[in-house]
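S.K.: Quick one: sequence plus predicted model below, questions after.
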Amino acid sequence: MNPYNMALKQLAIAGKKLNLNEDTLEMLKYPKRVFTVYIPVELVNGKTKVFTGYRVQHNNARGPMKGGIRYHPDVTLDEVTALSIWMTWKCSVVGIPYGGAKGGVVCNPKEMSVNEIERLTRGYTRAISDYIGPMVDIPAPDVNTSSREMAWIMDEYSKAVGYNCPAVVTGKPLNLGGSEGREEATSLGLVYTVQEAVKHKNIDLKDAAIVVQGYGNVGWNAAKIFHDIGSKVIAASDTKGVVYNRQGINPYKLRDYKKKTGTVKGFEGTEAISEEELFELETDIFVPAALENQITKDNAGAMRAKIIAEGANGPTTPEADKILHTNEVLVIPDILANAGGVSVSYFEWVQNLQNYYWAKEEVNTRLKRLMTKAFNNIYEMTRKHGVDMRTAALMYAVDNVCNTMQSRGSLDKK
Ligand code: GLU
């Protein structure tokens, strides 16, 4: 399913529940601005290749726009637009003062040298530098980007404006104004929401089974945190394969193995199973931590997880949502479950603006408070309105954005 259509479908569902008028819905369907940029990069072979990049700024009613930048060969404008819309809702759900944006560059960083990736990142930053800024739009890491790219963005933007400007981007390395705890924040925030969710499902996380789809930053950190609190990671996957062991997999050793070989596939003491079997495993928690469109009407009915905590953005289609809701699988939706990343990005930005830095305990305490409150708020709404958690989260987020737009006078008060 086209992710933009998916975002529109979700908006329509929330809009109907909220009785939103047509004009308001119409406004929220479109981003405020869309940038398409072409970035010439000199490759190591001496040839020049022009890459296509996007930055979509969806809504800034609640504050400067915020969202990551992904590097992937399958990036499309519709995908980036959907992701920007989800950022607007995500920031609203956890109550941080941002709107939503997202960036993407069509490229395959796995086949590029570090120098090429650096030139691409700097070129992309120059191309959008007039349209981002600490009070306008603040990028961050996403799929295939990390603190390394954020450092280059910070440096290139600082050169453009003529002074050191760490607050233009979050997810930076610590020595450039990054925040303690940012790297594992998405996963830690996700675990905090799961710790609340299990109270309603009679699961003890001390010996719960965990399945992780995707072993990038979010998947690996989630596996690690669950393992450290006593849960058992029984399966993990990446684009090349799936590894399974009912007795539990050591996530640290799996990470080291993946670092060496480039994949989880073939990790000793595990069985290789298919992607289809991964989704059908009997497990307490299933964490999709890869890309969009993973849980669809074709596999949702066969899933035997009790809780799905969405580390990825947009992993579940609206049709699959319906099936999971009927089967009483508790889905903690992306805009809530993975909001820990952007929340610590917010803490990073606040620290940059104040030039005053917090200890890790302070960051994590604040993150726990914020995620727990957001989870309980949305969970209570599911009870009140008889809806699933995604619908409740969307209702809360959209309503919040509309109220702000109304207060500012950018919506008719019909
Ligand atoms: N890319 C992350 C997300 O999808 C983080 C965004 C941010 O920190 O601004 O939420």
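M.R.: Happy to help now that I have it. Numbers count the residues shown, from 1 in each chain.
S.K.: When you work out contacts or count neighbours from here on, use the C-alpha atoms and nothing else.
M.R.: OK.
S.K.: can you pull out the strands in the stretch 301-414 of the chain?
M.R.: 304-309, 330-332 (DSSP state E, counting those that start in this stretch).
S.K.: tell me what the last one is packed against?
M.R.: It refers to strand 330-332. strand 304-309, helix 318-326, helix 389-408 (3 or more C-alpha pairs under 8 Å, 6 or more residues apart in numbering; DSSP states H and E).
S.K.: Show me what counts as buried in the longest one.
M.R.: Put plainly, it is helix 389-408. Buried residues in helix 389-408, counted by 16 or more other C-alpha atoms under 10 Å: 389-402, 404-406.
S.K.: quick one on the thing from earlier: now tabulate the helices and strands packed on strand 330-332 in JSON lines and tack on distance to residue 5 and mean pLDDT.
M.R.: Output for these, formatted as JSON lines (distance: least, C-alpha to C-alpha, whole Å; pLDDT from 0 to 100):
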{"stretch": "strand 304-309", "distance to residue 5": "22", "mean pLDDT": "98"}
{"stretch": "helix 318-326", "distance to residue 5": "10", "mean pLDDT": "97"}
{"stretch": "helix 389-408", "distance to residue 5": "15", "mean pLDDT": "96"}
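S.K.: would you turn these into JSON lines with distance to residue 133?
M.R.: Formatted as JSON lines, those follow (distance: least, C-alpha to C-alpha, whole Å):
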{"stretch": "strand 304-309", "distance to residue 133": "32"}
{"stretch": "helix 318-326", "distance to residue 133": "34"}
{"stretch": "helix 389-408", "distance to residue 133": "22"}
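S.K.: what would those look like in a markdown table with distance to the ligand?
M.R.: Output for those, formatted as a markdown table (distance: least, C-alpha to the nearest ligand atom, whole Å):
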| stretch | distance to the ligand |
| --- | --- |
| strand 304-309 | 14 |
| helix 318-326 | 19 |
| helix 389-408 | 15 |
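S.K.: give me every residue that touches the closest residue to the ligand within the stretch 301-414 of the chain.
M.R.: Distances between the stretch 301-414 of the chain and the ligand by C-alpha to the nearest ligand atom are smallest at residue 342, namely 3.5 Å. Residue 342 makes contacts with 67, 91, 186, as judged by C-alpha atoms under 8 Å, 6 or more residues apart in numbering.
S.K.: that's a strand at the first one, yeah?
M.R.: Yes - when the secondary structure is assigned by DSSP: H, G, I helix; E, B strand; the rest coil, residue 67 falls within a strand.
S.K.: Let me know whether it touches residue 87 as I believe.
M.R.: Yes - counting by C-alpha atoms under 8 Å, residue 87 is a contact partner of residue 67 at 6.2 Å.
S.K.: any idea how far the nearest residue to residue 9 once chain neighbours are set aside is from residue 126?
M.R.: Nearest residue to residue 9, sequence neighbours excluded (C-alpha to C-alpha, 6 or more residues apart in numbering): residue 318, at 7.4 Å. Residue 318 sits 37 Å away from residue 126, going by C-alpha to C-alpha, to the nearest Å.
S.K.: Residue 303 now?
M.R.: Counting by C-alpha to C-alpha, the gap from residue 303 to residue 126 is 45 Å.
S.K.: So for these two, which residue has more residues nearby?
M.R.: More crowded of residue 303 and residue 126, by other C-alpha atoms under 10 Å: residue 303, with 22 against 18.
S.K.: ok, the more buried one - contacts?
M.R.: Counting by C-alpha under 8 Å, 6+ apart, residue 303 makes contact with 279-282.
S.K.: try 10 Å this time
M.R.: Contact analysis of residue 303 by C-alpha atoms under 10 Å, 6 or more residues apart in numbering lists 276-283, 286, 295, 323-324, 327, 329.
S.K.: Please apply the same query to residue 241.
M.R.: Contacts of residue 241 (C-alpha under 10 Å, 6+ apart): 214, 263-266, 272-275.
S.K.: now with 8 Å?
M.R.: Residues counted as contacts of residue 241 (C-alpha under 8 Å, 6+ apart) are 263-265, 272-275.
S.K.: That one pairs with what?
M.R.: Listed by DSSP bridges, the beta-bridge partners for residue 241 are residue 238.
S.K.: In three-state terms, label residue 210 for me.
M.R.: Once three-state DSSP is applied, residue 210 turns out strand.
S.K.: among the contacts of residue 303, which are in strands?
M.R.: 282-283, 286 (DSSP state E).
S.K.: List just the nearest of those to the ligand.
M.R.: With C-alpha to the nearest ligand atom as the yardstick, the closest approach to the ligand among the ones in strands among the contacts of residue 303 comes from residue 286, at 18.6 Å.
S.K.: Return the residues of this structure in contact with the ligand.
M.R.: With the criterion set to C-alpha under 6 Å from any ligand atom, the chain comes near the ligand through 66-68, 139-142, 339, 341-342, 345.
S.K.: right, and the pair among these with maximum separation?
M.R.: Comparing every pair within the residues of the chain next to the ligand by C-alpha to C-alpha identifies 139 and 339 as the most remote, at 14.9 Å.
S.K.: okay, those two: which has more neighbours?
M.R.: residue 339 (33 against 27).
S.K.: OK, contacts around residue 50?
M.R.: Residue 50 touches 38-41, counting by C-alpha under 8 Å, 6+ apart.
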